[in-house]
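Enquirer: Give me the fold of what follows.
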Amino acid sequence: MIFSFEASLAQLSVHRVGNKLQDELYVLSDHPLQVQDELLSNLLLQYFLSPFEKVNEIYRFFHPNDDLNLNEVYHFISSVFAEYNTFHENSQQLAKYLYNSTNHPKIKSGELYVAYFNKVQIEGEVVDAVGIFKSETKETYLKVYPDSNGFNLSYEEDAINIQKLDKGCLIFNSEKEEGFKVAVIDQTNRNSEAVYWKDEFLKLKVRNDNYNQTQNTLSVYKNFVTQKIDDEFEISKTDKIDLLNRSMKYFKEKETFDIEEFSNEVIGNEQGIESFKNFKKSYEQEFDTSLPDSFEISDAAVKKQARVFKSVLKLDKNFHIYIHGNKELIEKGFDDDKGMNFYKVYFKEEQ
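Expert: Now for the predicted structure:
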């Protein structure tokens, strides 16, 4: 968890980064900004830091050659943490590098903010952090103000909504040897061209902690039930929903995951268990990652995954049946006279 209630803004440099494929340039400021207005400082803290309070997934810098020093952003940030007075110089280098990482004509130009924060809390540790943010989306705002006859209107174009941070990352001065702790946000990452922020510019990989182990294992199991299981078994939709419900129940009630215990309690079928383990191995090979057979379960990851574990049985466009418990209380049949399928649902009382 990330908290910023003690945080303060120590330095801020602003540059503009264009799209080189559109023959746009970059513009570097000569000096860092002097933010002396307390209200403005608080607004900037809100704009930069508040979106990260809902971020649970933590990344690390990496490089394909396994030499962290070859990661440009890691190199520049390490220099800032080692020598505070190099902050602005390194912010300029970050702007140049982001410009050269712009590899798609649809990537929007925008302002790049590099900020140095004191006392940001991550996972119970209070440390300094460097933030890198890019604003791409501009909006028009109406301003209402009083005049002699009542009120009047004006507007301001190309303004920034401080409630909408387009792209950002926070690099915490913690665990430098492993690639720092890094949190990332990309609100415009809807198309393939936008992956340049996390993959091309920052070069991040997910930290393999219990949050990601929990999330990835649940995701793999969900894909197994919804996409793979039909290839090997004849299984009804109600049975699929039951398998998903049982897996979520396991993760909500247990403190640790054990693949043997999980397989026996949730799947409970030798052929199904073997199929799931093979599916898990295929995932590990395809994505070059490891899903451990046991780990501590992250409650935050379970809550996040619970939102996408749907227990809804959709029947044409007329009915949706939500199945949360005992699947034995719902039966499927076929009505010969109507020529239609039906479900019979047993219950004790309406609520």
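Enquirer: SS state for residue 81?
Expert: What DSSP: H, G, I helix; E, B strand; the rest coil gives for residue 81 is helix.
Enquirer: Okay, helices next: where are they in the stretch 201-350 of the chain?
Expert: 210-223, 237-253, 259-262, 270-286, 299-306 (DSSP state H, counting those that start in this stretch).
Enquirer: what's the distance between residue 14 and residue 240?
Expert: Taking Cβ to Cβ, to the nearest Å as the measure, residue 14 falls 52 Å from residue 240. All C-beta spots, glycine's among them, are computed from the backbone N, C-alpha and C.
Enquirer: wait, which of the helices of the stretch 201-350 of the chain is closest to residue 4?
Expert: helix 299-306 (17.9 Å; Cβ to Cβ).
Enquirer: what's in contact with that closest one?
Expert: 1, 56, 210-212, 214-215, 218-219, 222, 248, 251-252 (Cβ atoms under 8 Å, 6 or more residues apart in numbering).
Enquirer: Give me the buried entries from the residues you listed.
Expert: Among the contacts of helix 299-306, those classed as buried by 16 or more other Cβ atoms under 10 Å are 210, 211, 212, 214, 215, 218, 219, 222, 248, 251.
Enquirer: Tabulate these (TSV), appending distance to residue 333 and pLDDT.
Expert: Compiled in TSV, the buried ones among the contacts of helix 299-306 are given as follows (distance: Cβ to Cβ, whole Å; pLDDT from 0 to 100):
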residue	distance to residue 333	pLDDT
210	44	89
211	44	86
212	43	85
214	39	93
215	38	87
218	33	93
219	34	90
222	28	90
248	28	89
251	33	95
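Enquirer: which ones are touching residue 132?
Expert: 73, 94, 112, 113, 114, 168, 169, 171.
Enquirer: Would you quantify the distance from the fifth one to residue 296?
Expert: Between residue 114 and residue 296 the computed distance is 36 Å (Cβ to Cβ).
Enquirer: What is the nearest of the contacts of residue 132 to residue 277?
Expert: Using Cβ to Cβ, the contacts of residue 132 come closest to residue 277 at residue 169, 35.9 Å.
Enquirer: Around that closest one, count how many other residues there are.
Expert: Number of residues near residue 169 (other Cβ atoms under 10 Å) recorded here: 24.
Enquirer: Would you verify that it is located in a helix?
Expert: No - under three-state DSSP, residue 169 sits outside any helix and is assigned strand.
Enquirer: Flag the shaky bits of the stretch 151-300 of the chain, pLDDT-wise.
Expert: Residues of the stretch 151-300 of the chain meeting the criterion pLDDT under 70: 189-194, 288.
Enquirer: quick one on the thing from earlier: just put the contacts of helix 299-306 in CSV and tack on distance to residue 140.
Expert: Below are these laid out as CSV (distance: Cβ to Cβ, whole Å):
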residue, distance to residue 140
1, 36
56, 34
210, 45
211, 39
212, 40
214, 43
215, 39
218, 42
219, 40
222, 42
248, 44
251, 46
252, 46
